[in-house]
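Trainee: Please find the sequence and the predicted model below.
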Amino acid sequence: MACRIVCRLWFLSCRQIESVTGLRAGDIFKTLQRDLSDERRLVDQIYFSKATTRREMLRAASFLMSGSALAGFMPHALLAGAQAAAAGKAQTPSPASPADPVEQMKAQMAGVPLQTLKLRDNIQMLYGPGGNMVVLDGPDGKILVDSSFASVAPKVKRALDEISDTPFKMLINTHWHFDHTDGNVAMHQFGATILAHENTRKRLSTPQVTEFFNMHFPPSPAEALPRQTFTDSFKLYFDKEEISLAHFSPAHTDSDIYVHYQTSNVLHMGDTLFGGMYPFFDSSTGGKIDGMIAAATRGISLADDSTKIVPGHGPAGDKAALTKYRDMLVAIRDRIKKQKDAGKTLKEVIAAKPTADFDAAWGAGFLMPDAFVTLVYTTLQSDVPKL
Ligand SMILES: [Zn+2]
């Protein structure tokens, strides 16, 4: 099974991973060729700091991150953070240091192609580097959702200009993460007013840590901060479009919102939805599996069979795909919770393979199966409410 998943991932993504990471394809493939017991040992290395050699740390990091290029992240940069975590090293890189994985990722994303997909006549999806973006265009101008990386900003501007010559009026951030907000300064300079949840402004204003990837973020400059914020919901009437925005209670982070283009029947779920892959949620800034499930359920309630649903990462989908994703999260959460409540250790739960029947469909994307089990297990509260 593992070999099949690895091979599928390989054929799907090696060219893209190689082109954006600068790693040699043969080296990447070698790190992916492993047996199942090896995978379990690698989880130990990451989470219990048992890695002893540079090679082991590289392999452990690769295990966690092998699909990340597909999701708009950069494995090469994340390797460094995961290696530091595996080695138990001090974890406050200088933002100016060329070795800082965050800065490496920001720079390297400039090499990832930005592509445009028409969702409706007036709504386009921009995807490739960073989180998926959505552009609404019409007589009143353009509204963009999420800003990717600063290094991608010239491509984003070019894509906006190619759509039409209407003015760029507003940027909405779905949450605080840097692969959705690093381009904020540039978008502000291009003339957009930034709107987001109040927690996005709070988190961008102060230092943040995403512990799972050992990534540290300094406060963002003032130009990057949302000028307009809300705490529960917000309504926009723009270009004959009625747009509803609302906060998900903590899900992927504590700052997530959805953007629902009600007239055009398009829903951007931000990173509460990863299309076709096990999702990441950032427990160090409020994310939790139950919130992810609740967010998916709320998205389902907003959609009908014609709704186009945009995830934070991965391809656009529909209500049926979102329902499958929610049901997968519920099944895996319940299995892991049952075993954790019964006193099973993380090692024992990983060995029981609670995701096995889902791995072929979901396990070759951003997080590999054992990493996702580890994320759920280590962040699961004992008083999990049922749906
Ligand atoms: Zn995110």
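Mentor: Looks like it arrived, so ask away. Numbering: from 1, shown residues only.
Trainee: what ranges of the stretch 251-387 of the chain fall below the confidence cut-off?
Mentor: The model of the stretch 251-387 of the chain has pLDDT under 70 over residues 382-387.
Trainee: Arg203 touches Ser255, doesn't it?
Mentor: Yes. With contact defined as C-beta atoms under 8 Å, Arg203 reaches Ser255; the gap is 5.9 Å. In this view, the C-beta of every residue, glycine as well, is placed from N, C-alpha and C.
Trainee: Next, the contact list for Asp121, please.
Mentor: By C-beta atoms under 8 Å, 6 or more residues apart in numbering, the contact set of Asp121 is empty.
Trainee: Pick out whichever of Arg203 and Ser255 has more residues nearby.
Mentor: Ser255 (30 against 24; other C-beta atoms under 10 Å).
Trainee: and the residue nearest to the more buried one when sequence neighbours are not counted, how many neighbours does it have?
Mentor: Closest residue to Ser255 apart from its sequence neighbours, by C-beta to C-beta, 6 or more residues apart in numbering: Asn199 at 3.8 Å. When neighbours are counted by other C-beta under 10 Å, Asn199 registers 21.
Trainee: my guess is Asn199 meets Ala251, correct?
Mentor: No. Judged on C-beta under 8 Å, Asn199 makes no contact with Ala251 at a distance of 11.7 Å.
Trainee: Tally up the residues packed near the residue in the stretch 251-387 of the chain that the ion sits nearest to, please.
Mentor: Residue of the stretch 251-387 of the chain nearest the ion, by C-beta to the ion: Asp271 (3.5 Å). Asp271 is flanked by 28 other residues according to other C-beta under 10 Å.
Trainee: start at 295 instead
Mentor: Let's use 295 as the start, then, which means that last one is Asp565.
Trainee: and the residue nearest to Ser549, helix, strand or coil?
Mentor: Look at Asn493: counting by DSSP: H, G, I helix; E, B strand; the rest coil, its state is helix.
Trainee: Quick check: mean pLDDT of the helix or strand where Asp473 lies?
Mentor: Secondary structure assignment for Asp473, by DSSP states H and E: helix 472-475. Per-residue pLDDT values across helix 472-475 average out to 97.
Trainee: Can you give the contact residues for it?
Mentor: Under C-beta under 8 Å, 6+ apart, the answer for helix 472-475 is 366-367, 396, 400, 403, 424-425, 440-443, 467-468, 494, 498, 511, 514, 518, 564-565, 606.
Trainee: Tell me which helix or strand comes right after it.
Mentor: helix 478-483.
Trainee: I'd like the average pLDDT over that next one.
Mentor: Helix 478-483 comes out at a mean pLDDT of 98.
Trainee: contact partners of that helix?
Mentor: With C-beta under 8 Å, 6+ apart, helix 478-483 has contacts from 438, 441, 444, 447, 450-451, 462, 465, 467, 488, 498, 514-515, 517-519.
Trainee: chain center to it, what's the gap?
Mentor: 21 Å (C-alpha atoms, centre = their mean, to the nearest Å).
Trainee: cool, stretch 563-582 as well?
Mentor: So, by C-alpha atoms, centre = their mean, the centroid of stretch 563-582 is 6 Å from its chain's centroid.
Trainee: Also stretch 444-452?
Mentor: That offset, for stretch 444-452, works out to 19 Å (C-alpha atoms, centre = their mean).
Trainee: do stretch 640-649 as well
Mentor: 24 Å.
Trainee: Same check on stretch 586-597?
Mentor: 17 Å.
Trainee: do that stretch and the ion meet?
Mentor: No. Counting by C-beta under 5 Å from the ion, the ion is not contacted by stretch 586-597; separation bottoms out at 11.5 Å.
Trainee: and what of stretch 496-510?
Mentor: No. Judged by C-beta under 5 Å from the ion, stretch 496-510 makes no contact with the ion; its nearest approach is 8.7 Å.
Trainee: Around the ion, pick out the residues from the protein.
Mentor: 471, 565.
Trainee: so Tyr509 bridges to which residues?
Mentor: Slight slip there: residue 509 is Met, not Tyr. Beta-bridge pairing for Met509 (DSSP bridges): Thr504.
Trainee: could you measure it against His471, distance?
Mentor: Look at Met509 and His471: by C-beta to C-beta, to the nearest Å, they are 10 Å apart.
Trainee: Would you mind telling me which of these two has the busier surroundings?
Mentor: Neighbours per residue, other C-beta under 10 Å: of Met509 and His471, the larger number sits with His471, 29 against 26.
Trainee: Correct me if wrong: the more buried one contacts Phe574.
Mentor: No. Look at His471 against Phe574 with C-beta under 8 Å: they stay out of range, at 9.5 Å.
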